[in-house]
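J.: Next input, structure requested:
(chains A and B)
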Number of protein chains: 2
Amino acid sequence: MFNLEKNDRETFARIGKFYTAHGSFNTPVFMPVGTVGTVKAVSTVEIEEIGYEIILGNTYHLYLRPGPEIIKKFNSLHNFINWRGSILTDSGGYQVFSLNSLRKIKKNGVEFRSHIDGSKHLFTPENVIEYQKVFGSDIAMVLDVCPPYPSKYEDVKEAVILTNEWAKRSIERAKELNIKVFGIVQGGVFEDLRRFSAEFLVNLDFDGFAIGGLGIGEPKNEMWRIVEEVVKILPKDKPRYLMGIGKPEDFLEGIRRGVDMFDCVVPTRNARNGTLYTTCGRVLIKKEKYKYDKNPVDKNCECFTCKNYTRAYLRHLFNTGEVLALRLNTIHNLFYYFSLIKNIRQAIIDDKFNEFMIKFYELQKEEEND
Amino acid sequence: MFNLEKNDRETFARIGKFYTAHGSFNTPVFMPVGTVGTVKAVSTVEIEEIGYEIILGNTYHLYLRPGPEIIKKFNSLHNFINWRGSILTDSGGYQVFSLNSLRKIKKNGVEFRSHIDGSKHLFTPENVIEYQKVFGSDIAMVLDVCPPYPSKYEDVKEAVILTNEWAKRSIERAKELNIKVFGIVQGGVFEDLRRFSAEFLVNLDFDGFAIGGLGIGEPKNEMWRIVEEVVKILPKDKPRYLMGIGKPEDFLEGIRRGVDMFDCVVPTRNARNGTLYTTCGRVLIKKEKYKYDKNPVDKNCECFTCKNYTRAYLRHLFNTGEVLALRLNTIHNLFYYFSLIKNIRQAIIDDKFNEFMIKFYELQKEEEND
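T.: Predicted coordinates for the structure are as follows:
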């Protein structure tokens, strides 16, 4: 199901293709986050038009609303939201562990209260796989324990031990239900715990491996150090997914260290906050200097927004709080992200990944704003 | 510039075509309201795709934001918002008179404070024409005095006298600036004042005539009585525009009384409130009964929303407060409004307007909700 197509000669970068029940997707890949059944502010038709082949859904949010019983009636989340591509769903672990006081870890699973109505629920390694089966997920994720950053060594160790136990239970249920599932490496910023976690997981028959618990406040160099350590242990013939990352430069840094898959709310959330990405850096669209600017956000961009609207108009929409601003900004950022990954992939094919990286950082120096 | 193409045999309904610097539009026509430079929640590309040939802009809002100096740099509002069709702009009168305590009527014009920052401004009959010229409006409206409902006879009379004076000043400035302009009949629910207003205006060389000050709380039958009285006086060779109206049934009632043009925030505002229009009545999309509903909003509808998404999904998006709900709902309602007017026009062409009206009301009896 994962076909590794090429390794870069100079870095750990690689390209591949992952096959699912809903087609396939090329790696490296960025997956837009479709929290509650929609990538915020855009339609599935637009996501498809940009070229995305896979999006991410959040089990925690979908479990609460619309709930598995509604999605079940539609046979899959794909049908419910009208998305023809693939869907990876997280396990809900990350969201539940962000609830802090509202949740309680038990050996069996994690008990939590809904952030919407305070109702009590239990996620277990088994039932989150079952929910993801109901969603028709092309790739399910295991329930993991995600300690915050910073955490004490002993606490992180305990989390890894429990995550490992849960991983075994998860894969068992996943095999029974015939659903593809990825394991998640935890261990905070402690290299030995990361190795312990990764070495345990690679002995289980997962379809891919995720690196979780990063990008939660630790310094960037710590994060990349951990990624490097973990990638060493992960098998070459399975995809590697760096969860919740990232910003444009993170793709280059991750890909050159051997990461294949990414997801992040940054392009969509920042779009809604008026931060737009361009080949020359970020544009903060609300700024006075764009008042009369007849240029598109990015002269090199072929997205719907750039083809139709000026910076001055986008600034006006954003500053007057118009809903349309959210969509136009989101389309642009998602297009930028898609193009960036596509260009990286092409650079690897052309044996020009290092050159591409140098060029990317050079252009970023001419940042529009900072 | 207005070509009356046909009169209905049984009613006062008629079809025509109005030519502008940005093409033309067929009448009867409904103009979506593009308050601050966008029809809320949708892009100009979508408005054009639905088939609209003209939209409305609000001078009060555009004057405050982005302001005439920005629009001037783009040569027209059309260029600024990327809209290829025609634009009718109101004079700002209605908004200013809605500000109540924030405004002061003077002989020269109306002084008001911005609802955004409290800054003081003056609209005069001349300067609102000038602003509309800056916007490149295809049809400008005169500044009028709009008393609330109910108002005393003497107050309404005073408003009509001032509106008439302003109308003379407006048309003078409009002729100097070579911009098409409509006069506005006022007079509240008092037939003699309406006649007084209309008879005064028809002697001035306006490009069309609007009926203002209706749909502000008076009973529906009062409104139609006034429309009938005014239409009797208005010339047959000029378009008649019933400002701020209406709901679907208002088109039938207005058109059969000889009205050619309409604008209203109802389809867009109601869309954002989850009220969707269908050939069988209204759908309140948040309702429990649509939970599992795999049908489109309207089985007979060819809009983007109905072609791609189910009621259950729209309900989910609306109930979770997703931005996408606002757009999908707005597209549907604007498509419904456009189709309704188009079908009415066709019915007049086919000499079947009365039949169409009977059919329309019959179907509405099977309302989905109430």
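
J.: Tell me which stretches of the stretch 51-200 of chain A form helices.
T.: A:59-64, A:68-73, A:77-81, A:93-98, A:125-134, A:153-177, A:191-201 (DSSP state H, counting those that start in this stretch).

J.: I'd like those written out as JSON lines, with mean pLDDT added.
T.: Below are these laid out as JSON lines (pLDDT from 0 to 100):
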{"stretch": "helix A:59-64", "mean pLDDT": "97"}
{"stretch": "helix A:68-73", "mean pLDDT": "98"}
{"stretch": "helix A:77-81", "mean pLDDT": "98"}
{"stretch": "helix A:93-98", "mean pLDDT": "90"}
{"stretch": "helix A:125-134", "mean pLDDT": "98"}
{"stretch": "helix A:153-177", "mean pLDDT": "98"}
{"stretch": "helix A:191-201", "mean pLDDT": "98"}
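
J.: which one of those lies closest to chain B?
T.: helix A:68-73 (4.8 Å; CB to the nearest CB). From N, CA and C alone the C-beta is placed, and that goes for glycine too.

J.: residues contacting residue A:13?
T.: A:7, A:28, A:255-256, A:258, A:344, A:348, A:353 (CB atoms under 8 Å, 6 or more residues apart in numbering or on different chains).

J.: Next: residue A:297.
T.: Contacts of residue A:297 by CB under 8 Å, 6+ apart are A:276, A:278, A:283, A:285, A:305-306, A:311, A:314, A:332.

J.: of these, closest to chain B?
T.: Nearest to chain B, judged by CB to the nearest CB, of the contacts of residue A:297 is residue A:305 at 9.0 Å.

J.: Now, the contacts of residue A:13 that are in helices?
T.: A:255, A:344, A:348, A:353 (DSSP state H).

J.: Compute the distance between the last one and residue A:346, please.
T.: If I follow you right, that is residue A:353. 10 Å (CB to CB, to the nearest Å).

J.: quick one: which of these two has more around it?
T.: residue A:353 (24 against 13; other CB atoms under 10 Å in any protein chain shown).

J.: Quick one: low-confidence residue ranges for the stretch 151-300 of chain A.
T.: Along the stretch 151-300 of chain A, no part satisfies pLDDT under 70.

J.: State the distance from the most centrally placed residue in chain A to residue A:270.
T.: Nearest residue to the geometric centre of chain A (CA atoms, centre = their mean): residue A:263, 1.3 Å. Distance of residue A:263 to residue A:270, computed by CB to CB: 15 Å.

J.: which element is the residue of chain A most remote from its centre on?
T.: The centre of chain A is farthest from one residue, residue A:292, which by CA atoms, centre = their mean lies 35.9 Å away. If you go by DSSP states H and E, residue A:292 is not part of any helix or strand.

J.: show me what contacts the residue nearest to it when sequence neighbours are not counted?
T.: Computed as CB to CB, 6 or more residues apart in numbering or on different chains, the closest residue to residue A:292 that is not its neighbour in sequence is residue B:73, at 4.8 Å. Taking CB under 8 Å, 6+ apart, we find residue B:73 in contact with A:292, A:294, A:312.

J.: Just name the closest of these to chain B, please.
T.: Nearest to chain B among those, with distances taken as CB to the nearest CB, is residue A:292, at 4.8 Å.

J.: That closest one reaches residue A:310, doesn't it?
T.: No: assessed by CB atoms under 8 Å, residue A:292 is found out of contact with residue A:310, at 9.2 Å.
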